[in-house]
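*Asks:* Based on what follows, work out the 3D shape:
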Amino acid sequence: INHDNKFFNYINTLTTGRIKKWECMLRLENDFILGNGPEYDRKMLVPGSKLDILKQGQDVASGAVYALISGGIVGISCYLLILFKYFHMCIRLLILKEKNYLINDLFFLSSFVTVGYLIGRSFFENGFSSYGIDFLIFVPCYIFIFEKFNMLESNYRNP
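*Replies:* Reported below is the predicted structural model:
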C-alpha cells in the first residue's frame, strides 16, 4: 500500500511505521467476528508472509488492533470495556472528586498511575492485550484499584 499523501507519510514516519502496519493488518481478510487467534499479527508480519513489505517489526503495535484481529468482536469489546471503566473511574475520582481521600493511599495511587500508563502505552504497543509482562502487571493493579474504589463505596453505604 503506497500513499502519495504527504500528511499520511509524515504521520506514518512520526509513528515509526505503525499507521502503515495498522492499515495493512485491517485490510487483510480477517475474521472480525471470532478473531484469528493469539499472535496472529506475528504470523502475518514475519518475513515471507503476505506483508513482507513491512520491515520494522513483527507485531501490530496497537492494543486495539491486536484485540480486533486476534479476538474479533469479543476481544475489541473487552478492550473497550476496560478503557471505559478506567476512564469512568478517572472522571469520578479526578474531576468529580469522589473518594478524593484515595489519592493519599500510596499503593492505590501507584496502581492507578500504573494502569493509566499501561493503557496509554497500549495505544501504540500491544501492551496488555497480549500475554506478557504488561499483562501480568496490569491485571493485579486493575483489579486492585476497582476493588478498593468499590469496597470503600459499599462500606460507606452500609455502615
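
*Asks:* mind listing what the residue nearest to residue 22 when sequence neighbours are not counted touches?
*Replies:* Leaving out its chain neighbours, the residue that sits closest to residue 22 by CB to CB, 6 or more residues apart in numbering is residue 65, at 5.2 Å. For every residue, glycine as well, the C-beta is placed using N, CA and C. Residues near residue 65 by CB atoms under 8 Å, 6 or more residues apart in numbering: 22, 25, 26, 41.

*Asks:* okay, now residue 66: neighbour count?
*Replies:* Residue 66 sits with 29 neighbouring residues when counted by other CB atoms under 10 Å.

*Asks:* re the thing from before, next, find the distance separating the residue nearest to residue 22 from residue 126.
*Replies:* Residue 65 sits 9 Å away from residue 126, going by CB to CB, to the nearest Å.

*Asks:* Overlap of the contact sets of these two?
*Replies:* The contact sets of residue 65 and residue 126 overlap at residue 41 (CB under 8 Å, 6+ apart).

*Asks:* Buried among the contacts of residue 65? Make that a PyMOL selection.
*Replies:* Remark: buried members of the contacts of residue 65, expressed as a PyMOL selection using 16 or more other CB atoms under 10 Å:
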select buried, resi 22+25+41
